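**Q** Here you go, sequence then predicted model.
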Protein chains: 2
Amino acid sequence: MVMRRKVYVEGPRPDIRVPFTEVVLTGDNPPVRLYDTSGPGSEPAVGLPPLRKPWQTGRTQLASARAGIITPEMEYVAIREGVPATLVRDEIAAGRAVLPANINHPESEPMIIGSRFLVKVNANIGTSAVTSSIDEEVEKLTWATQWGADTVMDLSTGQHIHETREAIVRNSPVPIGTVPLYQALEKVKGDPLKLSWEVFRETVIEQAEQGVDYMTIHAGVLLEYVPMAAERVTGIVSRGGSIMAAWCLAEHRENFLYTHFRELCEIFREYDITFSLGDGLRPGSIADANDEAQFAELRTLGELTHIAWEYDVQVMVEGPGHVPMHKIKENVDLQVSLCGGAPFYTLGPLATDIAPAYDHITSAIGAAMIGWFGTAMLCYVTPKEHLGLPNKEDVKAGMIAYKIAAHAADIAKGHPGAQEWDDALSRARFDFRWEDQFELALDPATARSYHDETLPAAPAKTAHFCSMCGPKFCSMKISHEIRAAGMKAKSSEFVDAGGRVYLPVTPNA
Amino acid sequence: MVMRRKVYVEGPRPDIRVPFTEVVLTGDNPPVRLYDTSGPGSEPAVGLPPLRKPWQTGRTQLASARAGIITPEMEYVAIREGVPATLVRDEIAAGRAVLPANINHPESEPMIIGSRFLVKVNANIGTSAVTSSIDEEVEKLTWATQWGADTVMDLSTGQHIHETREAIVRNSPVPIGTVPLYQALEKVKGDPLKLSWEVFRETVIEQAEQGVDYMTIHAGVLLEYVPMAAERVTGIVSRGGSIMAAWCLAEHRENFLYTHFRELCEIFREYDITFSLGDGLRPGSIADANDEAQFAELRTLGELTHIAWEYDVQVMVEGPGHVPMHKIKENVDLQVSLCGGAPFYTLGPLATDIAPAYDHITSAIGAAMIGWFGTAMLCYVTPKEHLGLPNKEDVKAGMIAYKIAAHAADIAKGHPGAQEWDDALSRARFDFRWEDQFELALDPATARSYHDETLPAAPAKTAHFCSMCGPKFCSMKISHEIRAAGMKAKSSEFVDAGGRVYLPVTPNA
């Protein structure tokens, strides 16, 4: 019977059991195994079991890798990715990949972010001052991981930030990211000018204790860069970036995240938190892409990357935003060279600004391309981008668009095995195995329902045609008939006999 | 008052009146003019007025261009594209652009397809044996052009093909394309082996008389190429391609469309019909992309392109289909070199096969890229691709995804003026001109409704924030405050004073 089920592959020790979604197909067709981010399922009030608790050594993943050690987490991701564990270790050691795993979030299933691995997708959720509740956010988290989110960022900005985050971390099988600046700002009643290193430090430690796996730190927004954004079409569009810019200017001092960066490194090392160096000056419109402000900040992020590495702290670097297609590659090339190959983590980018309500599509175009060029993780964009907070349906739409972009990138960059999924689905399509085709689809229920709109009857599921062309015109049906008729032998014979037909120079009668 | 309205720009003669959609914005912000394909609007039973009737000279557009003549149609498209009329003439004369305009379809508003011009989008509609009616198809035509379809292909295959096409042509302000083979096959009761040049010729003339502007002709599916597709994952997926392949093999003769190609040229010249040389051996899965069969056929299409040009007949060349991102550019480069720069007209391509029900997105990725690389027209793909016939909502979803792809390509290839639309919308966004932002959006109603889901009250339309971040965290609001605070003067002073801040080597206290 055609179905999806969860299977586990055991690693070199019995407590390493790596989940996959196995799609069981009809007849003799071999099952297809897909990467699975959905976790074991939790009772929200209880939370998930602390899977990684027994593996902890007090060393960061980067320190272990540099010491030549393959941690259980690395074994786990090697199985998950279908690559040697030594590759995982070596890429982490070189700083080209991160394995975000706060020691206080033992519930998470290890995953890796780096250009040599599958392109990952992050889903943003979170309450705002205007809308949402804790239960809703936990539901969005679960929903996002069911649709393939590799990490989730909790961007809550309203009431109950601490409690919302606690509920999210305890129920999350994927690494959780945050932007601590948002909570720090809440603590000073929303006035950027009241921010200080002390409030920020306290907030980081509070979140570190809860188990946040990576944090966006806008340490690259330097005082001298702010004027570069003054004449932009859309100024500063990063929330964190604008907050720090306002602080710098008002205080007339350098960004405290920059001046205290080494202290942050020490805190991060203690919990094995991964830096996500924020691009506070990213472009908010294609008009502002690749400008002086953006690239000045990127140079500083490169400097900070190397400092974090001194402390055995893992780093990824955030990227834009809004970039027309012809300016995308420059972003990756520059990031790789300035940041020593640290994983790039980009928001889209949107390839055009004309389609609010469809920015999951405008940005899936840019995301697929930047993933191919080497970006390690894509932050999804939902249809509500620029318009409102995403609801569950928007989270799904964003996830689908981004799983498409990430998978298209995996194929283009030649990740081993990526194309097997496509090929299995294409074979099912060519063989008129409709149920196999639906079950292999990224969204089986929707694929099935679209087919059933015009041909709902059960026999149509085995029919050798569909409603698009009807029985007489089906190219695949004809193709099968051609093949059955011994096409190959027959035509080769014709070619062997030198039977080329040339177009006559004068018209035929 | 913010609104959209249709305006006309007059050309060098009074009967040249080129329509644009003008978006009127608030305050002093200049209106934005957008390309408009919606036509003057028709009463289906009456049809549209014969706009181009007085302009006809008995010469094809290609013959006129070659003679150095700028036709009224060329003047029209020059205004539409915002380029000199001489460029239009020269590109047509060189075969690098086509202006599809059957003398029997005087109702159509002239448009041009070529890599130097705006990337165009074709929408497929049509009845099948299983579903749809004539009224529905005319409604889909009108709907498609309202959402920006530059041409529409009527791919009807069921009953009433002639009547459906008549209704479509008479009501279409955009060029209409067909695949005459479908009707020819109906005439021989669906048996490919009963097809003949005579039946095909009669069908072409019938459609030519009705006013079909371009026709897909699968003349490149040669007998010797068919075996090359035998071992493919998805065989032959073009309906026309599979029909001709079946005929060639059964008859053991060369494709009659190839052997009678010069006769077709003579018929096409008489009506000024444009060839759309079909890619009958295009890949139906990424596994089959860029293979021997596909490129063998492309070489033949190049040969046929040059033959059509001998007859002053305009030509475009169809392309794939399913192509992973890293293999897209090769398609364009090869087509340009083999087909002498004749416009490329591609279906997508889909960058992955895993997402039936979302192939408007999988293919928008490929379409945007191939448009940037030089493809002149993109055939849309709807969410129903591979699953069923598109309904009105699917037509809209396909059109939106493809207008995004085409516009992203226009920006990337640097079409003059393309980015003005983006910039106008981005400025509206930065200024919190919500109504301007909605009205400039590709789909104003949907953008507005998404915003209203969380902040429906009228004051929110002038609010300097939205539901995403709430009032305290709005980066754009902070950006404005920074600008107002004289950021620039203040910080320049800081920089001028040599006030660089360096990161201390030892951690701060």
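**A** Okay, I see it.

**Q** what's the pLDDT at residue A:487?
**A** pLDDT, residue A:487: 53.

**Q** before we move on, what about the one 4 residues further on?
**A** The model reports residue A:491 with a pLDDT of 53.

**Q** before we move on, what about residue A:42?
**A** 84.

**Q** That one: what's it in contact with?
**A** Listed by CB atoms under 8 Å, 6 or more residues apart in numbering or on different chains, the contact set of residue A:42 reads A:48, A:142, A:170, A:171, A:173. (C-beta placed from N, C-alpha, C; glycine too.)

**Q** Next, work out how far apart residue A:271 and residue B:377 are.
**A** 55 Å (CB to CB, to the nearest Å).

**Q** And the two? Which one has more around it.
**A** More neighbours surround residue B:377 than the other of residue A:271 and residue B:377, with 28 against 24 (other CB atoms under 10 Å in any protein chain shown).

**Q** wait, residue A:418 sits on residue A:407?
**A** Yes: using CB atoms under 8 Å, residue A:418 is in contact with residue A:407, at 6.7 Å.

**Q** With neighbour numbers in mind, choose between these two.
**A** Using other CB under 10 Å as the criterion, residue A:418 and residue A:407 rank with residue A:407 on top: 29 against 22.

**Q** Tell me the secondary structure of the residue lying closest to that one once chain neighbours are set aside, please.
**A** The shortest distance from residue A:407 to any non-neighbouring residue, by CB to CB, 6 or more residues apart in numbering or on different chains, is to residue B:352 (5.2 Å). Counting by DSSP: H, G, I helix; E, B strand; the rest coil, the backbone at residue B:352 sits in coil.

**Q** Enumerate every residue touching residue B:352.
**A** Counted by CB under 8 Å, 6+ apart, residue B:352 has contacts A:404, A:407, A:408, A:411, A:422, B:286, B:324, B:362.

**Q** Which secondary structure state does the first one sit in?
**A** For residue A:404, the assignment made with three-state DSSP gives helix.

**Q** can you tell me which residues contact it?
**A** Residue A:404 neighbours (CB under 8 Å, 6+ apart): A:364, A:368, A:442, B:351, B:352, B:354, B:355, B:358, B:361, B:362, B:365.

**Q** doesn't residue B:354 make contact with the third one?
**A** Read that as residue A:442. Yes: contact status for residue A:442 versus residue B:354: in contact at 5.3 Å, counting by CB under 8 Å.

**Q** Need the contacts of residue B:352 in CSV (columns: distance to residue B:191 and pLDDT).
**A** Shown next, in CSV, are the contacts of residue B:352 (distance: CB to CB, whole Å; pLDDT from 0 to 100):
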residue, distance to residue B:191, pLDDT
A:404, 39, 98
A:407, 41, 98
A:408, 40, 98
A:411, 39, 98
A:422, 34, 98
B:286, 33, 98
B:324, 37, 98
B:362, 35, 98
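
**Q** want to throw these into JSON lines with secondary structure?
**A** Output for these, formatted as JSON lines (three-state DSSP):
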{"residue": "A:404", "secondary structure": "helix"}
{"residue": "A:407", "secondary structure": "helix"}
{"residue": "A:408", "secondary structure": "helix"}
{"residue": "A:411", "secondary structure": "helix"}
{"residue": "A:422", "secondary structure": "helix"}
{"residue": "B:286", "secondary structure": "helix"}
{"residue": "B:324", "secondary structure": "coil"}
{"residue": "B:362", "secondary structure": "helix"}
